[in-house]
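Trainee: Dropping a prediction and its sequence here:
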Amino acid sequence: MHMKIILASSSPRRAEVLRDAGIAFEICSARQVDECAKPGESAHAMVARLAEAKARAAALQIGASKGGCIVVGADTAVELDGEIFGKPRDAVHAREMLAALGGRTHHVLTGIFLVRLPDGATRATVETTSVTFAPLDRTEIEAYVASGEPMDKAGAYGIQGVAGRYISRIEGCYFNVVGLPLARLHALLRELGWLGPA
């Protein structure tokens with residue numbers, strides 16, 4: 001069945017991943033979702049919880065009357081040594097994150113949660129990709145932060161932008177690091193009966 005895809009995210013990077021893959025979609029950004037981690041919460045648990053919260057909030061905004069659609073919620077975090085790196089608060093925080101990531105391997109986790117309307121059927125998963133940064137010196141970090149690119153991204157970097165030059169290795173899904181694990185999402189959409197573009 002041909003169903004509309006509703007992306008419960010205002011992320012231009014997630015939208016670009018879908019567009020480049022030829023998947024038509026509409027945007028319904030989930031409002032009033034607190035994206036903070038809970039005390040003692042792991043990165044895996046956090047991204048799974050927030051992806052579901054975003055999808056369910058958007059589904060509620062859309063209403064059950066709009067049948068024949070699948071709402072996609074997603075949340076991405078960077079984890080290093082058990083510490084969650086979300087979006088940097090400011091330039092100082094971005095510098096601290098990048099200094100910690102330099103020369104190390106960290107994990108990028110993206111939770112995705114799908115809810116089909118009007119019946120409410122769901123699918124969910126968390127994708128993990130390992131990312132290795134080359135060593136970064138202070139000048140490189142300062143220049144990268146000054147570019148403004150890190151400020152709205154988990155872990156204070158975007159693999160698809162300037163930071164790509166510092167990433168020496170990844171293991172797993174590249175698109176997961178961008179913010180939307182494309183192959184896994186496609187498989188879950190098919191499980192819910194989506195047959196591709198109309």
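Mentor: Yep, it's here.
Trainee: Identify the residue spatially nearest to Ala21, adjacent ones excluded.
Mentor: Leu182 (5.8 Å; Cβ to Cβ, 6 or more residues apart in numbering). Where C-beta positions appear, they are placed from N, C-alpha and C, glycine not excepted.
Trainee: could you give me the average pLDDT of the helix or strand that Arg169 is a member of?
Mentor: Secondary structure assigned from DSSP states H and E places Arg169 in strand 167-171. Strand 167-171 shows a mean pLDDT of 97.
Trainee: do the same with stretch 36-49
Mentor: 92.
Trainee: Can you give me the buried ones in it?
Mentor: Ala37, Ala43, His44, Met46, Val47, Ala48, Arg49 (16 or more other Cβ atoms under 10 Å).
Trainee: Could you check how far the second one is from Ile6?
Mentor: Computed as Cβ to Cβ, to the nearest Å, the Ala43 to Ile6 distance reads 26 Å.
Trainee: quick one, strands of the protein?
Mentor: 4-7, 26-27, 69-80, 83-85, 105-117, 122-133, 167-171 (DSSP state E).
Trainee: Nearest spatial neighbour of Ala8, chain-adjacent residues omitted?
Mentor: Ala8 sits nearest to Ala58 (Cβ to Cβ, 6+ apart), 3.5 Å away.
Trainee: So what's the residue count around the one you found?
Mentor: Residues near Ala58, counting by other Cβ atoms under 10 Å, number 23.
Trainee: With Arg184 instead?
Mentor: The burial count for Arg184: 18, using other Cβ under 10 Å.
Trainee: same thing with the one 10 residues further on?
Mentor: Close neighbours of Trp194, defined as other Cβ under 10 Å, add up to 20.
Trainee: sorry, back to before: list the ones among the buried residues of stretch 36-49 that fall in helices.
Mentor: Members of the buried residues of stretch 36-49 lying in helices (criterion: DSSP state H): Ala43, His44, Met46, Val47, Ala48, Arg49.
Trainee: my read: Leu117 touches Leu60, true?
Mentor: No. Judged on Cβ atoms under 8 Å, Leu117 makes no contact with Leu60 at a distance of 10.3 Å.
Trainee: neighbour count winner among these two?
Mentor: Neighbour tally, Leu117 and Leu60, criterion other Cβ under 10 Å: the higher count belongs to Leu117, 20 against 13.
Trainee: any idea how far Ala15 is from the more buried one?
Mentor: For Leu117, the distance to Ala15 equals 20 Å [Cβ to Cβ].
Trainee: so who does Val145 touch?
Mentor: Ala91, Ala94, Arg95, Leu98, Ala156 (Cβ atoms under 8 Å, 6 or more residues apart in numbering).
Trainee: At the geometric centre of this protein, which residue sits there?
Mentor: Among the residues of the chain, the one closest to the centroid is Gly179, at 3.1 Å (Cα atoms, centre = their mean).
Trainee: Ramachandran angles for it?
Mentor: phi 130, psi 0 (degrees, to the nearest 10).
Trainee: Alright, I will stop here.
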